[in-house]
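Student: this is a predicted model, with the sequence first.
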Amino acid sequence: MGYIDDFQETIDYIEENLTGRISIEECAKNSGFSKFHFHRLFGIHLGVTFMEYVRKRRLAYAMLDVIKGRRILDIALDYGYSSERTFSRAFQQEFGQLPGSCRSVKYVLPPKPVLKEQINLLRGGVQMDYLSEVRIEKIDTMDVVSGVRISNNPEEEVVNFVTEWAKKSGVNPGARKFGFDIPLAGEEQETGLRGYEYWVTVEEQVFPLTAGLTCKHIKGCNYAVLRVTEPYINPFERIPLGWKKLAGWVNSRGYKTSCDQERFWLEEELVMGGSVYMDLYFPIE
């Protein structure tokens, strides 16, 4: 049995507690994953961040309450908004209209995701020629220099920052480089910010670090790996589909995806023979 059953229970829990306090830390703990594992799995299967999903589900149910004729302030407070004004602003961003204009609209609540159905479709339906078959690979323990950015465009910013430091510091040009999304606090996500961390592997020699960089000792781990050919031709399709196919494969094989140590979901860009590839690394036990 794969991890999907445990993860589905968390989706069900969110659905049943939309008027209460819901945190990513609590949901991750209840599902048996670390915060980072939970964050990454959520993005793969739901296509949005944890807080974005909670926000959308709350507003969807709030729309039903608006149509029922409930007082707007009461609805706002039920779904965690501090005032009618902040609720109305969020409602308008989601639906394009203020709550008071939606009393008589026809609205059907979007169904709750059923992850097993998604996985079954992926196992048989993702047959893109730019996605490779899955292989198992071990990455040995390594030392890395890490940079993190939280912004509207964190990937480009942190990649350029770490790459420039590596060149100036004389890091081996052939050093491996990995990047990955990082979870943010709810307040940061509400503002539309995203987080990204980027590593460059280093040898035992000590390199002087500039502000914003840290050294990390990363334990070795086995990974399920899938390669995406020319990922930037359509990055918002190819890379997410790669992750979904990889997640479906891991779940179908029944691999354990949680453990006592923190694990990282890595993306590694490669240039070979004039073509660009991206290897996706899903940690397994």
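Tutor: Done, it's in.
Student: hey, let's count contacts and neighbours off CA atoms from now on
Tutor: Will do.
Student: the nearest residue to Ile75 once chain neighbours are set aside in helix, strand or coil?
Tutor: Closest residue to Ile75 apart from its sequence neighbours, by CA to CA, 6 or more residues apart in numbering: Ala62 at 6.4 Å. For Ala62, the secondary structure call by DSSP: H, G, I helix; E, B strand; the rest coil comes out as helix.
Student: what about Ala62, neighbour count?
Tutor: 22 (other CA atoms under 10 Å).
Student: over to Val66?
Tutor: Other residues lying near Val66 total 19 when counted by other CA under 10 Å.
Student: my read: it touches Leu98, true?
Tutor: No: with contact defined as CA atoms under 8 Å, Val66 does not reach Leu98; the gap is 10.3 Å.
Student: sec struct for Thr210, please.
Tutor: Classification of Thr210 using three-state DSSP returns coil.
Student: distance of the nearest residue to Gly80 once chain neighbours are set aside from Leu131?
Tutor: Spatially, and ignoring its direct neighbours in sequence, Gly80 is nearest to Thr19 (6.9 Å; CA to CA, 6+ apart). With distances taken as CA to CA, to the nearest Å, Thr19 is found 41 Å from Leu131.
Student: can you give the contact residues for stretch 58-76?
Tutor: 18-19, 79, 82-84, 87, 91, 94, 99-100, 102-105, 107, 109-110 (CA atoms under 8 Å, 6 or more residues apart in numbering).
Student: quick one, which of these are buried?
Tutor: Buried residues within the contacts of stretch 58-76, counting neighbours by 16 or more other CA atoms under 10 Å: Leu18, Thr19, Tyr79, Glu84, Phe87, Phe91, Pro99, Cys102, Arg103.
Student: between those residues, which sits nearest Asp181?
Tutor: Leu18 (25.5 Å; CA to CA).
Student: what's the separation between that closest one and Phe87?
Tutor: Applying CA to CA, the value for Leu18 to Phe87 is 15 Å.
Student: over to His37?
Tutor: Distance of His37 to Phe87, computed by CA to CA: 31 Å.
Student: separation between Ile218 and Met278?
Tutor: The gap separating Ile218 from Met278 is 21 Å, by CA to CA.
Student: what about the nearest residue to Pro231 once chain neighbours are set aside, how many residues nearby?
Tutor: Using CA to CA, 6+ apart and skipping residues adjacent in sequence, the residue nearest Pro231 is Arg238, 5.8 Å away. When neighbours are counted by other CA under 10 Å, Arg238 registers 19.
Student: just the helices in this protein please.
Tutor: Secondary structure of the chain (DSSP state H): helices located at 4-16, 24-31, 35-46, 50-68, 72-78, 84-95, 115-125, 154-169, 186-190, 235-253.
Student: residues touching the first one, excluding its own?
Tutor: This points to helix 4-16. In contact with helix 4-16 (CA under 8 Å, 6+ apart) are residues 22, 27, 30-32, 54, 57, 112-116, 251.
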